[in-house]
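Asker: When you get a sec, could you give me coordinates for this:
(3 chains)
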Amino acid sequence: MTSVTPMERIWFIVNLIPHGSVLPYGIVADLAGLPGRARYVSRALKLAPDSLALPWHRVINSQGKISFAKDTEPYRQQQELLRLEGITVNAGKISLSQYQWKPDLATLVMTLPF
DNA sequence: ATCCTGACTCAAA
DNA sequence: TTTTGAGCCAGGA
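Answerer: You can find the predicted model right below:
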């Protein structure tokens, strides 16, 4: 009996976000089957082992903004990683209508380990 | 159990 | 459009 923990579900979803795309915390939670737990997503990313090499920078908040204070190193790092994928931060925001990943749900569900 | 914290969200102002 | 405030929900002290 293999059990997939809530945190592992989140890591799984984040790992699926394509290069050049982003996804809000709340949507990641929804796709992971954990509606209403956006804050849990941020915690899961913080605790994720580096060995997983998750594309954590592709997760932003629902307002299209990076959720780190803009005068911090993590903020600058995330902004740079996104820039390398062709995603620009204008006036502190990222265009969700332009970059948000919209997976084919029917296909996605079949790939889920949960 | 109680209180505080946070890589969140939504609605109201 | 930006800022607040209340709501939210695990974790940790």
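Asker: Residue A:75 - nearest residue in space that isn't next to it in sequence?
Answerer: What sits nearest to residue A:75 in space, not counting adjacent residues and going by CB to CB, 6 or more residues apart in numbering, is residue A:68, at 4.0 Å. Quick note: C-beta positions are derived from backbone N, CA and C, even for glycine.
Asker: so how far is residue A:74 from the one you found?
Answerer: 4 Å (CB to CB, to the nearest Å).
Asker: Quick one: name the residues of chain A near DNA strand B.
Answerer: Taking CB under 7 Å from any atom of the strand, the part of chain A that reaches DNA strand B is made up of A:24-27, A:38-39, A:41-43, A:45-46, A:56, A:59, A:61-63, A:67-68, A:74.
Asker: May I see the buried residues of stretch A:89-104?
Answerer: Buried residues in stretch A:89-104, counted by 16 or more other CB atoms under 10 Å: A:89, A:94, A:96, A:99, A:100, A:103.
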